[in-house]
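Chemist: only geometry, no sequence info:
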């Protein structure tokens, strides 16, 4: 119990270890080393960022000359926008390697991040972030078309956006009608949260992983009304996807215990039964949110093909260099 209390104290104070770094090591293969070099090139590129809230920001090729009031931009961009929903504690350089694909194609990137604490206590955390996403999109209708690209727990965050929208569907449906495609990388279901969150917070410390997993199990049993009920509702909404019928691309791995193949296949079957076109890329052996690191060319080829089918590839030569 002392170890568990200490673990939660670390989360609350933000003293947590970062996710596994996607850098080369003595055991790195050629693809991983090449990809690390590409990441460094991306970090050197020029881009601007515009903070909306502590959880939301816009990343753009252009300088954003705008003021913001109540989440409304005075001069909103009139261009495609990808809503990027990274995994917990994602490093900046890892976010940028995905953002750069969309920036190269003329998109702006709405980057949305949340903390482990916000996931543990959704009423004061993730749900408030979801409200801000919905309000921002509603008040800035020129940001279109929209594409979703979510990783891991980002699927849960987006589900909370849909939960909020369903409270007044007539009002919010026009936002979802602007979404023309969705990409889900290692999406995590509620059943896997006790595995995923400990590994995200303490990727290199198995003792702390076990301690946090024990606390998560306690948390789910004890805080049903303020946590578990909301996880289950969000999971139901993700699988039924009542607001979006646009094409989807899933990235999964046979060896990922967090965003498991089984859970993602269940979502795929549900969505296809609703008439949603689903592209499903399953890798043989890659870690959670590590598919691009392990298989960069295959990952990028799938993403390029998908975005091209949506009619949003403006500069194909910038993608083909990486294939």
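Modeler: Perfect, I can see it now. Since the structure is predicted, the reported quantities are computational estimates derived from the model, not experimental observations.
Chemist: Go through stretch 298-315 and flag the buried ones.
Modeler: Neighbour counts over stretch 298-315 (16 or more other C-beta atoms under 10 Å) mark 298, 299, 300, 301, 302, 303, 304, 306, 307, 312, 313 as buried. The way it works is simple: take the backbone N, C-alpha and C, and place the C-beta from them, glycine included.
Chemist: what's downstream of the helix or strand bottoming out on mean pLDDT in the chain, the next helix or strand?
Modeler: Least confident element among the helices and strands of the chain, by mean pLDDT, DSSP states H and E: helix 30-44 (a mean of 46). For helix 30-44, the succeeding helix or strand toward the C-terminus, using DSSP states H and E, is strand 48-51.
Chemist: Could you point out the helix or strand that follows that next one?
Modeler: strand 56-60.
Chemist: which residue ranges form the strands in the stretch 201-323 of the chain?
Modeler: Secondary structure of the stretch 201-323 of the chain by DSSP state E, counting those that start in this stretch: the strands cover 248-253, 278-283.
Chemist: For those, could you give me TSV that also reports mean pLDDT and distance to residue 169?
Modeler: Shown next, in TSV, are the strands of the stretch 201-323 of the chain (pLDDT from 0 to 100; distance: least, C-beta to C-beta, whole Å):
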stretch	mean pLDDT	distance to residue 169
strand 248-253	98	20
strand 278-283	98	23
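Chemist: Burial-wise, tell me which of the ones you listed comes out on top.
Modeler: Ranked by mean neighbour count, these are led by strand 248-253 with a mean of 24 (mean count of other C-beta atoms under 10 Å).
Chemist: quick one, what contacts the closest residue to residue 322 other than its chain neighbours?
Modeler: Distances taken as C-beta to C-beta, 6 or more residues apart in numbering place residue 300 nearest to residue 322, at 5.2 Å, with adjacent residues excluded. By C-beta atoms under 8 Å, 6 or more residues apart in numbering, the residues touching residue 300 are 101, 292, 319, 322, 323.
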